[in-house]
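Novice: Quick one, fold the following:
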Amino acid sequence: MRTVSAVAHRSRLFVAVIDVPAGDHAEETSFWGAATGRPMRELDSPEFHGARLGDHFALLVHRLGG
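Specialist: Okay, here's the model as predicted:
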């Protein structure tokens, strides 16, 4: 019987993106800001709000449509 001890691949999750309909964007942004305890700031594009949740992870709320 052969045992594999080496890790063939490692992945790291850096960002989670939550897509929401345009009509729900403000409510979702407020929810996730409260849930994480971090302000969800508008980024370079107004359809994205986000926050860093530590040194190696971020959360984005993405407004879909118009």
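
Novice: Endpoint to endpoint, stretch 16-29 covers what distance?
Specialist: Distance between the boundary residues of stretch 16-29 (C-alpha to C-alpha, to the nearest Å) amounts to 14 Å.

Novice: Off-centre distance for that stretch?
Specialist: Offset of stretch 16-29 from its chain centre (C-alpha atoms, centre = their mean, to the nearest Å): 11 Å.

Novice: Just give me the neighbour total for residue 59.
Specialist: 19 (other C-beta atoms under 10 Å). Every C-beta, even on glycine, is put in place using the N, C-alpha and C of the backbone.

Novice: Which strand residues bridge it?
Specialist: Per DSSP bridges, the residues bridged to residue 59 are residue 16, residue 51.

Novice: my guess is it contacts residue 48, does it?
Specialist: No. Contact criterion C-beta atoms under 8 Å: residue 59 and residue 48 do not qualify, at 10.9 Å.

Novice: Go ahead and list the helix or strand containing residue 18.
Specialist: Assigned by DSSP states H and E, residue 18 belongs to strand 15-21.

Novice: Beyond that strand, next helix or strand please.
Specialist: Scanning forward in sequence from strand 15-21 by DSSP H and E, the next helix or strand is helix 25-36.

Novice: what comes into contact with that following helix?
Specialist: 18, 20, 39-40, 47, 49, 51, 53, 59, 61, 63 (C-beta atoms under 8 Å, 6 or more residues apart in numbering).

Novice: State the pLDDT value of residue 37.
Specialist: Per-residue pLDDT puts residue 37 at 95.

Novice: what's near enough to touch residue 9?
Specialist: No contacts exist for residue 9 under C-beta under 8 Å, 6+ apart.

Novice: now stretch 16-31: how far from the chain's centre is it?
Specialist: 11 Å.
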